[in-house]
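Enquirer: Generate a structure from the sequence data that follows.
(one chain, ligands or ions: 1)
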Amino acid sequence: MSLKIYLNGKFVAREQAKLSVFDHGLLYGDGVFEGIRSYNGLVFKLEEHIDRLFESAQTIMLTIPLTKAQLIEAVCRCLRINRLHNAYIRLVVTRGVGDLGLDPRKCPLPTVFIIADKITLYPKRLYERGLALITVPTQRNLPEALNPQIKSLNYLNNILAKIEAVNAGFEEAIMLNAHGYVTECTGENLFIVKGRRLLTPPTYVGVLKGITRQTVMDLAGRDGIEAREEVLTRHDLFNADECFLTGTAAEIVPVVTIDGRTIGAGRPGRVTLRLMRQFQALTKTAGVRY
Ligand code: PXG
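Expert: Residues are numbered from 1 along each chain as shown. Sure, this is the predicted structure:
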């Protein structure tokens, strides 16, 4: 049975899930999205993702033509119809069909679609051995120009950074802001462990307020580790005891080298491994049942 896609209120076969070439999501990257996970029939942090989607939409003055409750129900129906128990969900709202000018007033009806599909997990060795990262020349968008807190369809800033990492033979990039402070990776937030403290860059340096990032800070706090936002330099990263990335798709990924410097003991650290276990346990029990 072919995958069913939610498209503007209807469920259609994936072959029929097509959009107009005049959709401003395509022409201008004018739209917002979320990436969500379900584990064993539970959607993880669904309300948080829906809230962030509405906040992104509010900032770009895009009116989502559904209520939060209706959108939650649409996500759950999409998972049920496709009989998916462990899934990756992509929820997208675009400005909709307009003309060839960028004026959003020419787009009367936003496009809404939801894709729920099997997840392709990252290789196991990544989590066992840890990742090697580099900082790249492309700076993270200035919050004053295009706030990274808007999860918009315009990801070229991140894609350019990804290309630079891949060209250099690395899987993932660390992006700095215009002042040289550490922000995040191309689709994940970044943390370091220093002593008994867990540190991550504050949103005002230019990062997405990641939902996994918040989950990890909550888990650490419960464990008696002081988790807080702090402005970080490359020097801070090089001298960290441990480092890891967080994101909905990747979950928690240990980092073992940055710009050729070995981080801590050069293998996934104790705090990182503990948080990975606690995160796994949480995904099995917390979430919206569908
Ligand atoms: N920073 C950026 C720039 C992101 O796009 C995160 C951090 C992590 O946020 P969450 O809320 O997921 O903990 C993201 C998340 C994918 C994919 O399929 C993931 C993201 C964006 C695009 C694709 O892996 N983002």
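Enquirer: Near the ligand, which residues of the stretch 151-290 of the chain are found?
Expert: 158, 184, 187-189, 208, 210-213, 246-249 (C-beta under 6 Å from any ligand atom). Every residue, glycine included, has its C-beta placed from N, CA and C.
Enquirer: Could you do the stretch 1-150 of the chain as well?
Expert: residue 35.
Enquirer: In the stretch 1-150 of the chain, which residue sits nearest the ligand?
Expert: The minimum distance from the stretch 1-150 of the chain to the ligand, using C-beta to the nearest ligand atom, falls at residue 35 (4.5 Å).
Enquirer: Model confidence score at that residue, please.
Expert: Each residue has a pLDDT score; the one for residue 35 is 97.
Enquirer: On the strand side of things, show who it bridges to.
Expert: Counting by DSSP bridges, residue 35 forms beta bridges with residue 90.
Enquirer: how close does it get to residue 212?
Expert: Applying C-beta to C-beta, to the nearest Å, one obtains 10 Å for the distance of residue 35 from residue 212.
Enquirer: okay, and the common contacts of those two?
Expert: Both residue 35 and residue 212 are in contact with residue 248, where contact means C-beta atoms under 8 Å, 6 or more residues apart in numbering.
Enquirer: where do the helices sit along the chain?
Expert: Here the chain has its helices, by DSSP state H, at 24-28, 46-59, 68-81, 124-129, 156-167, 211-222, 234-238, 270-285.
Enquirer: In TSV: those, plus mean pLDDT, mean neighbour count and distance to residue 113.
Expert: Shown next, in TSV, are these (pLDDT from 0 to 100; neighbours: other C-beta atoms under 10 Å; distance: least, C-beta to C-beta, whole Å):
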stretch	mean pLDDT	mean neighbour count	distance to residue 113
helix 24-28	97	21	9
helix 46-59	98	18	13
helix 68-81	97	17	10
helix 124-129	94	12	30
helix 156-167	98	17	21
helix 211-222	95	19	21
helix 234-238	98	16	38
helix 270-285	96	16	25
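Enquirer: Format those as CSV; extra columns: distance to residue 117.
Expert: Output for these, formatted as CSV (distance: least, C-beta to C-beta, whole Å):
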stretch, distance to residue 117
helix 24-28, 19
helix 46-59, 16
helix 68-81, 10
helix 124-129, 21
helix 156-167, 21
helix 211-222, 20
helix 234-238, 34
helix 270-285, 18
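Enquirer: Weed out the non-buried ones from the residues of the stretch 151-290 of the chain next to the ligand.
Expert: Buried subset of these (neighbour count, 16 or more other C-beta atoms under 10 Å): 158, 184, 187-189, 208, 210-213, 246-248.
Enquirer: Domain-wise, how is the chain divided?
Expert: Taking automatic domain parsing as the domain assignment, the record places the domains of the chain at 4-117, 124-283.
Enquirer: Export the ones you listed as a markdown table, with columns for distance to residue 290.
Expert: Converted to a markdown table, the domains of the chain look like this (distance: least, C-beta to C-beta, whole Å):
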| stretch | distance to residue 290 |
| --- | --- |
| domain 4-117 | 4 |
| domain 124-283 | 15 |
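Enquirer: And these: which comes nearest residue 289?
Expert: Of all the domains of the chain, domain 4-117 sits nearest to residue 289, with 5.7 Å by C-beta to C-beta.
Enquirer: For residue 244, give me its contacts.
Expert: By C-beta under 8 Å, 6+ apart, residue 244 lies in contact with 190-191, 252-255, 268-269, 272, 275.
Enquirer: Bridged to it, which residues?
Expert: Bridge pairing for residue 244 (DSSP bridges) gives the partners residue 191, residue 254.
Enquirer: Could you shift the numbering so residue one becomes 51, and keep it that way?
Expert: Let's use 51 as the start, then, which means that last one is residue 294.
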